[in-house]
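Trainee: no sequence for this one, just the structure:
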């Protein structure tokens, strides 16, 4: 950080892997993801085809077959934070300026601002707390056998043969009945959690969080995934 002759400090910019919404106070937000555009959802088992139904109507159509298929969102990839939040010299605003900063907040699972050496202010908010998600889809011809959403955290450790997987939010039932209209199922997490709160250790392990949607098709159900919406608290930096 460059210290100017007048004793004021330049901002240290945040380098981000996604949108910047705020760099100060807590915020609530919603992150929409289209299933057919952007590559933010990965598909496993069965045949998913990106389809333009009409102008502004884009979806991933699952070919009917007796399969257990999966759509997975890498939550960490969407909401990761790289680098440091802006930090400020104590006298950046006024003499004795620590009293002029936003009051640090104590939030479970989030690194709060603390006073560090040389009169710097530390991080105010780091990461986001996922509280709920939407699954947006269509379903015709026949009901699904099961349709669920699960939040998972995987820790990849150097020299380990498989990742350690922790269920952060157990499988929640989504809709299985057919409809002539688009269906939006909203699911609240039993215990909201901070994405990436268990940060990996450089060269040792990597932590990633996922939303896995399971679609069990009896063989004739015509299922299309339009997208996913993520609801969060705190800043998406």
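Mentor: That came through fine. Quantities reported herein were computed from a predicted structural model and do not represent experimental measurements.
Trainee: Domain ranges for this protein, per the record?
Mentor: For the chain, whose domains are defined here by automatic domain parsing, the residue ranges read 19-79+128-233, 86-124.
Trainee: what stretches of the chain score poorly on pLDDT?
Mentor: Counting by pLDDT under 70, the chain shows low-confidence ranges at 1-28, 79-127, 197-203, 234-237.
Trainee: Please repeat the previous calculation with a cut-off of 90.
Mentor: Flagging of the chain using pLDDT under 90 yields the residue ranges 1-31, 38-39, 76-130, 155-161, 191-208, 232-237.
Trainee: And the helices in it?
Mentor: In chain order, the chain shows helices spanning 75-79, with DSSP state H as the criterion.
Trainee: Against residue 69, how distant is residue 75?
Mentor: The gap separating residue 75 from residue 69 is 20 Å, by C-beta to C-beta, to the nearest Å. Bear in mind the C-beta positions are built from the backbone N, C-alpha and C, glycine included.
Trainee: Which of those two has more residues huddled nearby?
Mentor: residue 75 (24 against 20; other C-beta atoms under 10 Å).
Trainee: That one: what's its closest spatial neighbour, skipping adjacent residues?
Mentor: Sequence neighbours aside, residue 209 is the residue nearest to residue 75 in space, at 4.2 Å (criterion: C-beta to C-beta, 6 or more residues apart in numbering).
Trainee: doesn't residue 129 make contact with residue 194?
Mentor: Yes: applying C-beta atoms under 8 Å as the test, residue 194 and residue 129 come out as touching, 5.0 Å apart.
Trainee: Please report how far the residue nearest to residue 75 lies from residue 76.
Mentor: Distance from residue 209 to residue 76, counting by C-beta to C-beta: 5 Å.
Trainee: rewinding a little: contacting residues for the residue nearest to residue 75?
Mentor: When the contact criterion is C-beta atoms under 8 Å, 6 or more residues apart in numbering, the partners of residue 209 are 74-76, 130, 151-154, 168, 195-196.
Trainee: that older thread, go through the domains of the chain and pick out the most buried.
Mentor: Of all those, domain 19-79+128-233 carries the top mean neighbour count, a mean of 16, counting by mean count of other C-beta atoms under 10 Å.
Trainee: any common contacting residues for residue 209 and residue 76?
Mentor: By the contact definition C-beta under 8 Å, 6+ apart, residue 209 and residue 76 are jointly contacted by 195-196.
Trainee: Check the gap between the residue nearest to residue 141 when sequence neighbours are not counted and residue 175 for me.
Mentor: Leaving out its chain neighbours, the residue that sits closest to residue 141 by C-beta to C-beta, 6+ apart is residue 222, at 4.7 Å. Taking C-beta to C-beta as the criterion, residue 222 is separated from residue 175 by 14 Å.
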